[in-house]
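>>> Quick one, what's the 3D model for this:
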Amino acid sequence: MPEGDPARASDVETRSQRFVALISVAGVGLLTAMAAGAGLQGFTHIPARYWVIAAFVLAGELFPIRVPRGDDVEEITTSTTFAFALVIGSGATGAIAALALSSVVADLLHRKPLWKVLFNLAQYSLAIGAAGGVYAALGGPSHVAVHSLAPMLAAGFTFFVVNNALTGTAVGLAQGVPVLGYIVGDLWFQGAIAAALLSLSPIVIVVADRSLWLVPMLAVPVAAVYWGATASLENTRLVARLEDSLAHMTDLNRLKDDFVAVVSHELRTPLTSIQGYIKTLMQLSSELEEEQQRSFLQAADRQSERLRRLIEQLLVVSRIESHVEPLSVSLVSLGQLTRHVVDELEPRAHGHTFDLRFDPQLALVETDEAKLHQIVSNLVENALKYSPPDTRVTVRGVERDGGVVLSVQDEGPGIPPYAQDKIFDRFYQVDSSATRAVGGTGLGLYICRRMADSIGGRLWLERSTDSGTVFCLWVPRVPPESNDANEQGTRPPERKIFLLNR
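Reported below is the predicted structural model:
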């Protein structure tokens, strides 16, 4: 089930779609107008220099360099170097034709959606058109000379500004972040790449004017940069994975130490109590009244039950982590199951009132009853444990999104904001000190979430304030056929430098 504000998400999507549509129409319109203006004569007697450079434009589009940056993937394409060279040597119309066609061919071969193909084509057309217009307006010649440097700088700057503004706006709108802040935050990286790519364009023209046979030699340094950058990025990824593994191992070691300390304390406490009661009975049984003996035995029984639950938790975690617990599916009534849980836990309540709110017509769910029982039991037990005596624990069940949502609400002090993202972590406890008021190993919510995942459901913290906490569990009406979709990683979105690819 999606989280967040659905209305805001819909508004963000609408604005993004409108912008993409507007740019697509404008760019395709410009491309059509320039093609119509050039006419058939504009595409006859094309010099060989144009075709050679256009071939490099296509190669640059087909083989981008992918750079991982945070959650995004940047695509650096060398096509802009040769496309801007065409602006200088052949004018905006020829450059747009080569870059637009290359973009379409590459996007189709990479199986991108039609709207991406159109937006990329339009983005290139508008950026190249603006750069070509500035170059022509400043009297830029079709060859490289000293007096052409100023028009080239102005045209290159125009290309960068227009292209980066279009890309940044589209990505910012899609992510629902301030557009200007997104563009400015990425300005230095984009500017450095643009300067490196566009500064090579005059060299392409100089080499082409010298001899077309020398132009393919540019492929050698470009290929070297491509393979070198690819190898460097792979090394960077390997180093990042190594650092992540090291950090993960450090966290595991810390968790292991915390676990040993917590479990030692949790095991020692009931064992010490049991030993104390038994030794007292053994030594003073003749002096104790029957009621006192019974009280000691009941206390020892409670501590042994506490010890049993702790050992059972550890065994459950072991089974979960080794994936050896298959689903045993049956039709389950969440209302009846919750009533059974409440009946089991009521003797351990301290004057708590249970408020069960289930629609009598609530749909049955086809799921693993034992796992669902343990999840609900842990949630209700947590509500009892972390809320004051004589308060209310409310359990609701409603149908939503093809399943049933069960919520457990207490009237406790709540979970501190800094801990709310960690409470489902293994062994995590808000208060892990030896003098904490409430015992436990920090495994309950971890087990609940893993079990919820195993039955195809979801468990999350709905809210937690100083007036109480609400946990929600969504259970599908029917179990998933497989968990392949949950196990596969989600590929991060891509953003191509000088070509939006999101």
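
>>> so what does the helix or strand encompassing Val87 touch, helix or strand wise?
In this structure, Val87 sits in helix 79-90 according to DSSP states H and E. If contacts are counted by 3 or more CB pairs under 8 Å, 6 or more residues apart in numbering; DSSP states H and E, helix 79-90 sits against helix 48-62, helix 92-109, helix 114-137, helix 149-175, helix 187-198, helix 201-210. To be clear about C-beta, it is placed using only N, CA and C from the backbone, and glycine gets the same treatment.

>>> buried ones in the fourth one?
This means helix 149-175. 151-152, 154-160, 162-175 (16 or more other CB atoms under 10 Å).

>>> Any chance you could list what contacts stretch 287-295?
280-281, 285, 296 (CB atoms under 8 Å, 6 or more residues apart in numbering).

>>> Which two among those residues are spaced furthest apart?
Ser285 and Phe296 (9.3 Å; CB to CB).

>>> and Pro480, what is it in contact with?
Here Pro480 is in contact with Gly456 (criterion: CB under 8 Å, 6+ apart).

>>> Wait, a strand at it?
No - using DSSP: H, G, I helix; E, B strand; the rest coil, the assignment for Pro480 is coil, not a strand.

>>> By mean pLDDT, show me the worst of the helices and strands packed on helix 79-90.
Ranked by mean pLDDT, these bottom out at helix 187-198, which scores a mean of 80.

>>> and that helix, what other elements does it pack with?
Against helix 187-198 (3+ CB pairs under 8 Å, 6+ apart) you get strand 72-76, helix 79-90, helix 149-175, strand 494-497.

>>> if we go to 6 Å?
When contacts are defined as 3 or more CB pairs under 6 Å, 6 or more residues apart in numbering; DSSP states H and E, helix 187-198 packs onto helix 79-90, helix 149-175.

>>> Report the angle between it and helix 79-90.
With axes from the mean of the first three to the mean of the last three CA atoms, to 10 degrees applied, the angle from helix 187-198 to helix 79-90 works out at 50 degrees.

>>> for helix 187-198, the distance to its chain's centre please.
Its chain's C-alpha centre and that of helix 187-198 lie 27 Å apart, by CA atoms, centre = their mean, to the nearest Å.

>>> buried ones in it?
Quick answer for helix 187-198 (16+ other CB under 10 Å): 190, 193-194, 197-198.

>>> Mark which of the contacts of stretch 287-295 are buried, thanks.
Using 16+ other CB under 10 Å, the buried ones in these are Phe296.

>>> Name the next helix or strand downstream of the strand or helix carrying Asp453, please.
Assigned by DSSP H and E, Asp453 belongs to helix 444-454. Using DSSP H and E, the helix or strand that directly follows helix 444-454 along the chain is strand 458-465.

>>> Measure how that following strand sits relative to helix 444-454, angle-wise.
140 degrees.

>>> ok, and what's touching strand 458-465?
414-415, 420, 448-449, 452, 470-474 (CB atoms under 6 Å, 6 or more residues apart in numbering).

>>> Need the mean per-residue confidence for it.
91.

>>> Return the list of helices and strands in contact with the helix or strand following that strand.
Downstream of strand 458-465, the first helix or strand assigned by DSSP H and E is strand 468-476. Under the contact criterion of 3+ CB pairs under 6 Å, 6+ apart, strand 468-476 touches strand 403-409, strand 458-465.

>>> which of the ones you listed is buried the deepest?
Across the helices and strands packed on strand 468-476, the average number of neighbours (mean count of other CB atoms under 10 Å) peaks for strand 403-409, which reaches a mean of 22.

>>> Strand 468-476 and that strand, what's the angle between them?
Using the same axes, to 10 degrees, strand 403-409 lies at 160 degrees relative to strand 468-476.

>>> Partner strands of strand 403-409, with direction?
Note on strand 403-409: by DSSP bridges, its sheet partners are strand 392-400 (antiparallel), strand 468-476 (antiparallel).

>>> Give me the residues contacting that strand.
With CB under 6 Å, 6+ apart, strand 403-409 has contacts from 334, 365, 379-380, 383, 394-398, 468, 470-477.

>>> cool, and stretch 131-143?
By CB under 6 Å, 6+ apart, stretch 131-143 touches 87, 89, 92, 148, 151, 154-155, 158-159.

>>> Buried ones in that stretch, by neighbour count?
Neighbour-count burial for stretch 131-143 [16+ other CB under 10 Å]: 131-132, 134-135, 140.

>>> Identify, from the residues you listed, the entry nearest to Asp257.
For those, the residue nearest Asp257 by CB to CB is Ala131; the value is 60.2 Å.

>>> That closest one and Ala299: what is the separation?
Distance of Ala131 to Ala299, computed by CB to CB, to the nearest Å: 84 Å.

>>> coming back round to it: out of the helices and strands packed on helix 187-198, nearest to Ala370?
Nearest to Ala370, of all those, is helix 149-175, at 42.0 Å by CB to CB.

>>> Give me the neighbour count for the residue nearest to Ile447 when sequence neighbours are not counted.
Leaving aside its sequence neighbours, Ile447 sits nearest to Val316 (CB to CB, 6 or more residues apart in numbering; 5.6 Å). Val316: 18 surrounding residues under other CB atoms under 10 Å.

>>> Which of the three states applies to Val316?
Under three-state DSSP, Val316 falls in the helix class.

>>> In TSV: the contacts of strand 458-465, plus pLDDT and neighbour count.
As requested, these are arranged in TSV below (pLDDT from 0 to 100; neighbours: other CB atoms under 10 Å):
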residue	pLDDT	neighbour count
Gly414	89	17
Ile415	89	17
Gln420	86	15
Cys448	88	22
Arg449	89	20
Ala452	90	20
Val470	93	17
Phe471	94	24
Cys472	94	19
Leu473	94	25
Trp474	93	19
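
>>> Which one of those residues is nearest to His110?
Taking CB to CB as the measure, His110 lies nearest Trp474 of the contacts of strand 458-465, at 36.2 Å.

>>> From Ala370, how far off is that closest one?
Plainly put, Trp474 is 19 Å away from Ala370 if you go by CB to CB.

>>> again with Glu290
Counting by CB to CB, the gap from Glu290 to Ala370 is 39 Å.

>>> Take the contacts of strand 458-465 and write them to a markdown table, including distance to Ile274.
Output for those, formatted as a markdown table (distance: CB to CB, whole Å):
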| residue | distance to Ile274 |
| --- | --- |
| Gly414 | 34 |
| Ile415 | 32 |
| Gln420 | 36 |
| Cys448 | 28 |
| Arg449 | 32 |
| Ala452 | 34 |
| Val470 | 36 |
| Phe471 | 32 |
| Cys472 | 37 |
| Leu473 | 34 |
| Trp474 | 40 |
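
>>> Return the member of those nearest to Ser16.
Nearest to Ser16 among the contacts of strand 458-465, with distances taken as CB to CB, is Trp474, at 28.2 Å.

>>> quick one: Leu153 from Pro202, how far?
For Leu153 relative to Pro202 (CB to CB), the value is 10 Å.

>>> Look up how far Leu149 lies from the nearest residue to Leu214 once chain neighbours are set aside.
Leaving aside its chain neighbours, Leu214 sits nearest to Val207 (4.9 Å; criterion: CB to CB, 6+ apart). Taking CB to CB as the criterion, Val207 is separated from Leu149 by 17 Å.

>>> Check His373 too.
77 Å.

>>> quick revisit: relative to Gly29, which of the helices and strands packed on helix 187-198 is closest?
Of the helices and strands packed on helix 187-198, nearest to Gly29 by CB to CB is helix 149-175, at 14.8 Å.

>>> same question for the following helix or strand past the closest one, mean pLDDT?
Heading C-terminal from helix 149-175, the first helix or strand you meet, by DSSP H and E, is helix 179-185. Averaging pLDDT along helix 179-185 gives 83.
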